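# model this:
(chains A and B)
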Amino acid sequence: MVLRREGQCLLYVDRHIIHDGSFHAFANLKHRGARVRRPQQTFGTPDHYVPTVSRSPADAPTPEIRRMVETFNDNVLHHGIPHFRLSDAGQGIVHIVGPEQGITLPGFLLVCGDSHTSTHGALGALAFGIGQSENEHVLATQALWQAAQKTMRISVEGRRPAGVSAKDVILAIIAKIGAGGAVGHVVEYAGSAVRAMSIEERLTVCNMSIEAGARAGMVAPDDTTFQYLKGRPFAPQGAEWDRAVKYWRTLPTDPDASFDAEVGLKAEELQPMVTWGTSPENALPIGGVVPAGPKRALEYMGLTPGTRLEGLPVDRVFIGSCTNSRIEDLRAAAAVARGHKASVPTLVVPGSGLVKKQAEAEGLDRVFREAGFEWRHAGCSMCVGMNGDVGKAQERIASTSNRNFEGRQGKGARTHLMSPAMAAAAAISGRLTDVRKL
Amino acid sequence: MAEQFTSLTAIAAPYEPVNVDTDQIVPARFLKFPRKDGYGKFLFHDVREDPGFVLDRVPFDQARILVGNANFGCGSSREGAAYAFHDAGFRSVIAPSFGDIFYSNCMKNGIVPVRLPDSECAALRSLLTNNPGNQLTVDLVAQEVREPDGKVHRFAIDPFYREMLLRGVDELGLTLTLVPQIEAFEQAYAREVPWAVR
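As a prediction, the model looks like this:
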């Protein structure tokens, strides 16, 4: 913290990650005649607008979308910001790239003009999404005004049953506390089930903190964290690594710390989840039935109360997004898809070029292709549809992304959120399916 | 540059849904357009295709204050949501709770986000529904919302941002005057956490 003024703290920003949606911030910066104060602590990768059919901006579906990718490249080059170009293997979704490259480190304050920046908290960083004005502010000063937030601890104890993924854990949490349940709070995920998670699973959980209203979610750094980070390109090396780990071990919450709110879940009771409505809080175990929810949500989703979720026909499947496009996600989807054929159009979009390479080295791309899934290049793609990858009106989509909002995956498109394994199962059967029964 | 706000008396519109996400406020496909062309036309673009959408009905089409419901502006960090309210003439949104990023984006765009208890917001929405065209006053100096009959709802707001809005202070301009302090912090911090400062 640099200084305090009237309840607000001017916080020093360790890492600022930017993407191709940041053009308003750069335009305002230019208008002001300001420069990027710490370009080496800023990092860029295009993701929201990039085509996933190829690595050429020329393949963007409209000239406006193409211009977004090109303008971003011009901006990072002009300001001397380290970045990945669309053609680099390191390119990918900001929230995949940060952890993967070791740009995200424990104890850092990391911000990005995207609400899913909460993802990075999985490595013990305080990470949250900011708007374009704040984006400009950080570019110009490397600092940000913030008021202290309240704290919430969500403890998940016990062992997850087979077939229950990290995505199911976070959907169950959101269903329990509500889409506004953690507004004004920073969440710490704790408990034996969280400790037992891999970093990729923790990234999935922290990613959707914002869907419960929390601007940030985090997991205390531990040996799993350090093993994950060691040797990553931007992580400290040699003697500095040892010094960093020593410091990081001081970061976890004191055992006697108190939180403004406490929530507990038993891992044994969790089941594979799917959403039925237009808010991520509308999540139920796959064996559930559509409840008597808000009329508008039911109409939008084309559902009537009492309908069983299992067996509901889907028109399309999307496996990808900053929630679920890492290698473990693709392995889980491939394990279900292996030896089967897709009944509906299915898109698999890896989170980064490196994830794509790894998947190809493991032969997962072949599994997907043989199952009739489309294997694409990295980007945000159909999670938000800004690159033109969208579903049609009234199409029912089984998706591993994070938002089932109206119009999120295309105007009128109906999103059901679920895990990668559940989405692959839906692709095979053409229906919402309990992956445990396959 | 933040727009100045002291007090506003204007027609207010009720907006009932809970968890209004910023994808509804401005669909993602419009975010690539430059601000100078105006974002007002994108406000609730797809939702307002419904005939009888509240902001298209007289006299709510003149509203400059919106009274919403819980978790208003949740979801995506897109500042386009605040641009859309601003460019459509709105200068205040009242709700029981807000998405944190939307709340902060509002204050940076001259829109006063007012948190009032659930029951008071419900009463205000019902007042406006039953008396279309009623004006509310959002008074940032006194930190109160006033109904036409003089009924007062006190609200709390961060003193730092209240001051910014009252004086129309340019937040980034202010921080740029603090760069020497940021540099001093940075130098000390670089000794402590050398891998952070590059």
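
# which strand in chain A runs the most residues?
strand A:150-157 (DSSP state E).

# quick check, the helix or strand following that strand touching chain B?
Going down the chain from strand A:150-157, the next helix or strand is helix A:166-177, by DSSP states H and E. No. Using Cβ under 8 Å from any Cβ of the partner chain, helix A:166-177 never reaches chain B; the gap is at least 11.3 Å. To be clear about C-beta, it is placed using only N, CA and C from the backbone, and glycine gets the same treatment.

# rewinding a little: what helices or strands is the longest strand of chain A leaning on?
Secondary-structure packing of strand A:150-157 (3 or more Cβ pairs under 8 Å, 6 or more residues apart in numbering or on different chains; DSSP states H and E): helix A:166-177, strand A:185-190, helix A:192-195, strand A:261-266.

# can I get these in CSV with mean neighbour count?
Formatted as CSV, these follow (neighbours: other Cβ atoms under 10 Å in any protein chain shown):
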stretch, mean neighbour count
helix A:166-177, 24
strand A:185-190, 25
helix A:192-195, 19
strand A:261-266, 15
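
# What ranges in chain A fall below the confidence cut-off?
Within chain A, no stretch has pLDDT under 70.

# give the contact list for the residue of it found nearest chain B.
Proximity of chain A to chain B (Cβ to the nearest Cβ) peaks at A:Gly180, 3.2 Å away. The contact partners of A:Gly180, taken as Cβ atoms under 8 Å, 6 or more residues apart in numbering or on different chains, are A:212-213, B:18-19, B:70-71, B:74, B:97.

# Give me the secondary structure label for it.
Classification of A:Gly180 by DSSP: H, G, I helix; E, B strand; the rest coil places it in coil.

# cool, A:Leu284 as well?
Counting by three-state DSSP, the backbone at A:Leu284 sits in strand.

# what's the neighbour count on the residue nearest to the residue of chain A closest to chain B when sequence neighbours are not counted?
Leaving aside its sequence neighbours, A:Gly180 sits nearest to B:Asn71 (Cβ to Cβ, 6 or more residues apart in numbering or on different chains; 3.2 Å). B:Asn71 is flanked by 26 other residues according to other Cβ atoms under 10 Å in any protein chain shown.

# Then the one 4 residues further on?
Here the count is done by other Cβ under 10 Å, and B:Gly75 has 28 residues near it.

# now it: how far from chain A?
Relative to chain A, B:Gly75 is positioned 6 Å away (Cβ to the nearest Cβ, to the nearest Å).

# Which stretches in the stretch 201-350 of chain A count as helices?
In the stretch 201-350 of chain A, the helices defined using DSSP state H, counting those that start in this stretch lie at A:223-229, A:238-248, A:295-301, A:327-337.

# For A:Ile170, find the nearest of these.
Among the helices of the stretch 201-350 of chain A, the nearest to A:Ile170 by Cβ to Cβ is helix A:327-337 (13.2 Å).

# What residues sit buried inside that closest one?
Counting neighbours by 16 or more other Cβ atoms under 10 Å in any protein chain shown, one finds that the buried residues in helix A:327-337 are A:327-334, A:336-337.

# just stretch A:284-291 next, same as before
For stretch A:284-291, burial by neighbour count (16+ other Cβ under 10 Å) applies to A:284-286, A:290.

# residues in contact with stretch B:83-93?
The contact list for stretch B:83-93, computed with Cβ under 8 Å, 6+ apart, reads B:5, B:8, B:10, B:25-26, B:35, B:38-44, B:55, B:63-68, B:72-73, B:106, B:109-114, B:138.

# Run through those and flag the ones next to chain A.
Okay, of the contacts of stretch B:83-93 touching chain A (Cβ under 8 Å from any Cβ), that's B:35, B:109.

# Please pick the buried ones from the contacts of stretch B:83-93.
For those, a burial check counting by 16+ other Cβ under 10 Å picks out B:5, B:8, B:10, B:25-26, B:35, B:39, B:42-44, B:55, B:63-68, B:72-73, B:106, B:109-114, B:138.

# so B:Leu128 makes contact with B:Gly68?
No. Assessed by Cβ atoms under 8 Å, B:Leu128 is found out of contact with B:Gly68, at 11.3 Å.

# Show me where chain B has its strands.
Using DSSP E, the strands of chain B run over B:7-14, B:65-67, B:92-95, B:112-115, B:135-139, B:144-146, B:152-154.

# Now the last one: buried residues?
By neighbour count, with 16+ other Cβ under 10 Å as the criterion, the buried positions of strand B:152-154 are B:His153.

# One more: the longest one?
When neighbours are counted by 16+ other Cβ under 10 Å, the buried residues of strand B:7-14 are found to be B:8, B:10-14.

# relative to strand B:135-139, how tilted is that strand?
Angle, strand B:7-14 to strand B:135-139, by axes from the mean of the first three to the mean of the last three Cα atoms, to 10 degrees: 130 degrees.

# Parallel or antiparallel, which strands does the helix or strand hosting A:Leu110 pair with?
Taking DSSP H and E as the definition, one finds A:Leu110 inside strand A:109-112. Strand pairing for strand A:109-112, determined by DSSP bridges: strand A:15-18 (parallel), strand A:126-129 (parallel).
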